[in-house]
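Undergrad: Curious how this folds, go ahead:
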Amino acid sequence: MTMTPSLPRRPRWRSLALLALCLAPLLWPLNRLAEHYYQDELASQNRQTLDLYVANLLGTLHRYEALPQILGDLPTIRDVLADPLRLEFLTNANRRLKDISSQTGAEVIYLMDAKGNTLAASNWDKKDSFIGRNFAFRPYFSDATAGRLGRFFGQGTTSAKRGYFFGAPVWDNGAVIGVLVVKVDLDHTETLWGKSPEQLLLTDNNGVVVLTSRPEWRFRATRPLSDEERQAITAIQPYPTQEPKPLNLSRQAWLVQTRAIPETGWEVNILAPRVLVDRSVSTVMAVGGATLLVVMLLVGLVMQRRRHYMDRIDFEARARHDSEKRVVERTADLEGLNRRLKTEVLEREQAQQEAARAQDELV
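TA: The predicted structure is shown next:
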């Protein structure tokens, strides 16, 4: 009995697995491309943010840069330097400096003689008044007495408040007879930084953080200090400590961009968590992996349908072959039977003829 062939059902997962192994390496360049793309995008955004904050910072400083030079020409200022013991002159100068401080938004404005002693100040009526204090050790004083505009950022030794100091010489017949100083409060700038999603920090020429969006980073050293820098810190006292602790930032955790401010000797750094890039890259990889999986499933489905179609054709071909074979076999059987019948008929006819001849001979 001839058996009818059955349609084979053979899974093609080995071919699909081989296809997956061939396509999987495509995810690595996708990872690299996505990482570079999102890093460039983040860097571009951070550059704009950095430019904005630097412009805001410089705009604040430039508003006060010329103020001490202008105030040095006021008669009330010169009167005090001419006669520092006269109470009337001191009172007028204190009130005048206080009014100007209120109008301009400067934190403190004060006048020193050629030895660094403070004669008049806008905070004359405050507990932390600068009057009577000597600030000759500050760099802005030595620069101003040398005839230059002095600049300095540091924490006040009297008020314990940070600020940026502009010191301008007061001239008389070509000689410096005093120094007028304007202290600018930058706490508002730092407060704005704290509202940004990125982290910002500003380092001075010692590499010490003086402004930052994270208070715990303040007055930390971003690099080792030399002996000369340590001596200078001890001399001018810019920080609340003479031994700034190191600030260790992992380059693997942050994407850092830096902008130098030559006129102040500062560097402003913007730090973006690398997790922002990693998160976007992970999303791309997930989408890429899902797309690859869909492609593999579609290809597998096409392969399976094609194999099913080919198996169907093979099945039908074998079925036709078996059918034709059975027809041939039956035809051969019929032909054999027909031949046997013909032989039997001939034999019967011959027997009848012989019987007839025998009967004729008997008659």
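Undergrad: Next one: Q242 from G116, what distance?
TA: 21 Å (CB to CB, to the nearest Å). No exception for glycine: its C-beta is placed from N, CA and C like everyone else's.
Undergrad: Who has more neighbours out of these two?
TA: G116 (17 against 12; other CB atoms under 10 Å).
Undergrad: F89 contacts R78, correct?
TA: No: here F89 does not reach R78: they are 9.3 Å apart, not a contact under CB atoms under 8 Å.
Undergrad: Where do the strands of the stretch 101-250 of the chain begin and end?
TA: 108-113, 118-121, 150-155, 162-172, 175-184, 199-203, 209-212 (DSSP state E, counting those that start in this stretch).
Undergrad: Can you say which of the ones you listed is nearest to A317?
TA: A317 sits nearest to strand 199-203 of all these, at 72.7 Å, using CB to CB.
Undergrad: Which parts of that closest one count as buried, going by neighbours?
TA: Neighbour counts over strand 199-203 (16 or more other CB atoms under 10 Å) mark 199-203 as buried.
Undergrad: Strand 150-155 and that strand, what's the angle between them?
TA: Computed by axes from the mean of the first three to the mean of the last three CA atoms, to 10 degrees, the angle separating strand 199-203 from strand 150-155 equals 130 degrees.
Undergrad: Name the residues that touch strand 199-203?
TA: Residues outside strand 199-203 that contact it (CB atoms under 8 Å, 6 or more residues apart in numbering): 50, 53, 57, 193, 209-214, 217, 222, 254, 266-272.
Undergrad: For it, which strands pair with it and how are they oriented?
TA: In the sheet containing strand 199-203, its partner strands are strand 209-212 (antiparallel), strand 266-273 (antiparallel), by DSSP bridges.
Undergrad: Would you point to the one among the ones you listed that's packed deepest?
TA: Counting by mean count of other CB atoms under 10 Å, strand 209-212 has the highest mean neighbour count of these, with a mean of 22.
Undergrad: tell me what whichever strand or helix holds T91 is packed against?
TA: Secondary structure from DSSP states H and E places T91 in helix 87-104. Helix 87-104 sits against helix 67-71, helix 75-82, strand 108-113, strand 118-121, with contacts defined as 3 or more CB pairs under 8 Å, 6 or more residues apart in numbering; DSSP states H and E.
Undergrad: what pLDDT, on average, does that helix get?
TA: The pLDDT scores in helix 87-104 average 96.
Undergrad: again, but for stretch 180-189
TA: On average, stretch 180-189 scores 91.
Undergrad: Span of it from start to end?
TA: 24 Å (CA to CA, to the nearest Å).
Undergrad: which of the residues in that stretch are buried?
TA: 180-186, 189.
Undergrad: Adding distance to S102, write those out as TSV.
TA: Listed next are those as TSV, based on distance: CB to CB, whole Å:
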residue	distance to S102
L180	17
V181	17
V182	13
K183	14
V184	14
D185	13
L186	18
T189	20
